[in-house]
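Asks: take this sequence and fold it.
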Amino acid sequence: MAYRVVVKCGGGAFFVPNEAAENLKLCTAGQLRVLLFALSRGFAETSPETVASELGILPDDAKDLLDYWVGRGILECEGVSAPVSVPEPIPAVAPVKKEVPKPPETKLSMKEVQELKENDPGVAHVFSEAERLLGKTFTYSDSETIAWLISYAGIAPEVLSTVIAYCASINKKSFFYIRKTALEWLENGIDTIEAAEERMRALEEARTWEGKVKQVLGISGRNLVTKEKEFAETWRLYKISPELIHFAYEKCIEKTAKLSFPYINKILLSWHMKGIKTTEEAAAENKLQTESKKPSFDLDELEKRMMLDDSVV
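Replies: Down below sits the predicted model:
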C-alpha cells in the first residue's frame with residue numbers, strides 16, 4: 001500500500017528545503033508544526049506572536065521553536081545572535097546502503113573448506129581468530145559458513161574477523177547471527193578493514209551510550225524501544241551529558257510522577273537552545289525563571305500536551 005500527495009487544480013503549495021527534510025527524524029512534533037507554518041507563508045516574515053496565535057501555543061514556546069530552525073540554518077532572524085551549533089543528524093551507525101549482488105546459496109564440501117584454509121593465509125587467520133574469540137570447536141556447518149562468506153559472499157577475511165570480534169563482544173556467538181551481521185555490513189558498504197573498524201567503534205559507542213541513558217533514567221531489565229532509542233540518539237548527537245539528562249529526568253518525575261521521553265526531550269532541547277550544558281547552569285536557569293515567575297519551559301502547558309501526545313512513552 002502506497003501513499004502520495006493529492007495535487008488539486010488551483011490548489012496552493014509551498015516548497016520544503018532539502019535541509020528541513022533531512023531533519024525530520026530529529027525534530028519534535030511542535031518544531032515540525034512551526035516549520036510548516038513558516039514555510040506556508042512563503043517569503044513573508046512571521047513572528048512568535050503570529051505563530052502562537054495561529055497554532056494555539058505560548059509566544060515563548062513559539063520563539064524557542066522558531067529559534068530551533070534558525071539554529072538549523074533554515075530560518076533566519078535579524079534579532080537573533082549566532083545560533084547554537086547543532087551537529088548534523090547523521091546517525092553514526094547507519095551507512096548508506098549500496099547494491100550488492102546476492103551471493104549464491106552454494107554449499108562447500110569439507111574438502112573445499114580445508115583447501116581454502118591451506119591455500120589462503122588470510123582465511124586460515126579468520127578460522128584461528130574465530131576459534132579464539134568464540135571459544136569453541138567448529139562443526140562442519142560453522143566452518144562452511146566462514147568459507148562461504150569469504151568465497152561466495154565476497155567478504156574480505158580481515159572484515160569478517162572484525163565482524164566475528166564484534167559479535168563475540170556482545171555475546172552473540174551463533175554463526176547464524178555472525179552470517180546475518182556480516183551480510184548486513186557488506187550491504188551497507190563496509191568492505192574494508194577501516195570501514196569495519198569504524199562500524200564496530202560506532203556500534204560500541206551507541207551501545208555504551210544506550211546503557212548510560214538507561215542508567216540515568218532508572219531503566220533496567222529491558223532494552224530501549226525504537227522511539228526511545230531515537231530520543232537517546234538525538235541527545236548523543238547534541239552532546240548532552242548523562243548528568244544533564246538525569247537532571248531533566250528529575251524535573252519530569254517531579255512534575256508528572258512518571259518517565260516520559262518526549263517530556264524530557266522538550267526540557268533538554270529548551271536548555272540546548274539556550275546553550276545550557278551543565279546541571280549547574282540548568283539549576284541556575286530554573287531558579288532564575290522560578291524567581292521571575294516565568295519558567296524557561298512551561299511545565300503545566302507541557303504536561304497538558306503530553307496527555308494528548310500519542311508518542312508519550
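
Asks: please, which helix or strand holds the residue nearest to the spatial centre of the chain?
Replies: Among the residues of the chain, Glu233 comes closest to the average C-alpha position under CA atoms, centre = their mean, at 3.7 Å. Here Glu233 sits within helix 226-237, counting by DSSP states H and E.

Asks: now do whatever helix or strand comes next after that helix, average pLDDT.
Replies: Sequence order places helix 242-256 as the next helix or strand after helix 226-237, per DSSP H and E. Average pLDDT, helix 242-256: 93.

Asks: which strands or helices does the strand or helix carrying Asn286 pack on?
Replies: Asn286 belongs to helix 279-291 when assigned by DSSP H and E. Contacts defined by 3 or more CB pairs under 8 Å, 6 or more residues apart in numbering; DSSP states H and E place helix 279-291 against helix 242-256, helix 261-273. C-betas here are computed from N, CA, C, even on glycine.

Asks: show me which residues of that helix are buried.
Replies: By 16 or more other CB atoms under 10 Å, the buried positions in helix 279-291 come out as 279, 282, 285-286.

Asks: now pLDDT and distance to Ala124 too, for these, in CSV please.
Replies: Compiled in CSV, the buried residues of helix 279-291 are given as follows (pLDDT from 0 to 100; distance: CB to CB, whole Å):
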residue, pLDDT, distance to Ala124
Thr279, 93, 54
Ala282, 91, 56
Glu285, 86, 61
Asn286, 82, 62
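
Asks: number of residues surrounding Ala20?
Replies: Ala20 is flanked by 20 other residues according to other CB atoms under 10 Å.

Asks: got it, and His125?
Replies: 15.

Asks: was I right to think it contacts Leu160?
Replies: No - His125 is beyond contact range of Leu160, at 10.0 Å (criterion: CB atoms under 8 Å).

Asks: export stretch 252-270 to CSV, keeping only CA atoms.
Replies: Provided in CSV are the C-alpha atoms of stretch 252-270 (Å, rounded to 0.1, in the frame of the first residue of the first chain):
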residue,chain,number,x,y,z
CYS,A,252,10.0,15.2,34.7
ILE,A,253,9.3,13.0,37.7
GLU,A,254,8.7,15.9,40.0
LYS,A,255,6.0,17.3,37.6
THR,A,256,4.4,14.1,36.1
ALA,A,257,5.4,11.3,38.5
LYS,A,258,6.3,9.1,35.5
LEU,A,259,9.0,8.6,32.9
SER,A,260,8.3,10.4,29.6
PHE,A,261,10.9,10.6,26.9
PRO,A,262,9.0,13.3,25.0
TYR,A,263,8.7,15.4,28.2
ILE,A,264,12.4,15.0,29.0
ASN,A,265,13.3,15.8,25.3
LYS,A,266,11.4,19.1,25.5
ILE,A,267,13.3,20.2,28.6
LEU,A,268,16.7,19.2,27.1
LEU,A,269,16.1,20.9,23.8
SER,A,270,15.0,24.0,25.6
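
Asks: okay, buried residues for it please.
Replies: Neighbour-count burial for stretch 252-270 flags 252-253, 255-256, 259-270 (criterion: 16+ other CB under 10 Å).

Asks: tell me the mean pLDDT for stretch 40-52?
Replies: 81.

Asks: grab the longest helix from the protein for me.
Replies: Criterion DSSP state H: the longest helix present in the chain is helix 193-216.

Asks: who does that helix touch, helix- and strand-wise?
Replies: Contacts defined by 3+ CB pairs under 8 Å, 6+ apart place helix 193-216 against helix 157-169, helix 226-237, helix 242-256.

Asks: out of the buried residues of helix 279-291, who's nearest Leu133?
Replies: Thr279 (40.5 Å; CB to CB).

Asks: quick check, the closest one in contact with Leu244.
Replies: Yes - at 5.8 Å, Thr279 counts as touching Leu244 under the criterion of CB under 8 Å.

Asks: from Asn265, how far off is the residue nearest to the centre of the chain?
Replies: According to CB to CB, to the nearest Å, Glu233 and Asn265 sit 11 Å apart.

Asks: will you turn the buried residues of helix 279-291 into CSV that also has distance to Leu116?
Replies: As requested, the buried residues of helix 279-291 are exported to CSV (distance: CB to CB, whole Å):
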residue, distance to Leu116
Thr279, 57
Ala282, 59
Glu285, 63
Asn286, 64
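
Asks: and of those, the nearest to Ser40?
Replies: After measuring the buried residues of helix 279-291 against Ser40 - CB to CB - the closest member comes out as Glu285, at 32.8 Å.

Asks: if I look at that closest one, how far off is Glu194?
Replies: To Glu194, Glu285 is 43 Å away according to CB to CB.
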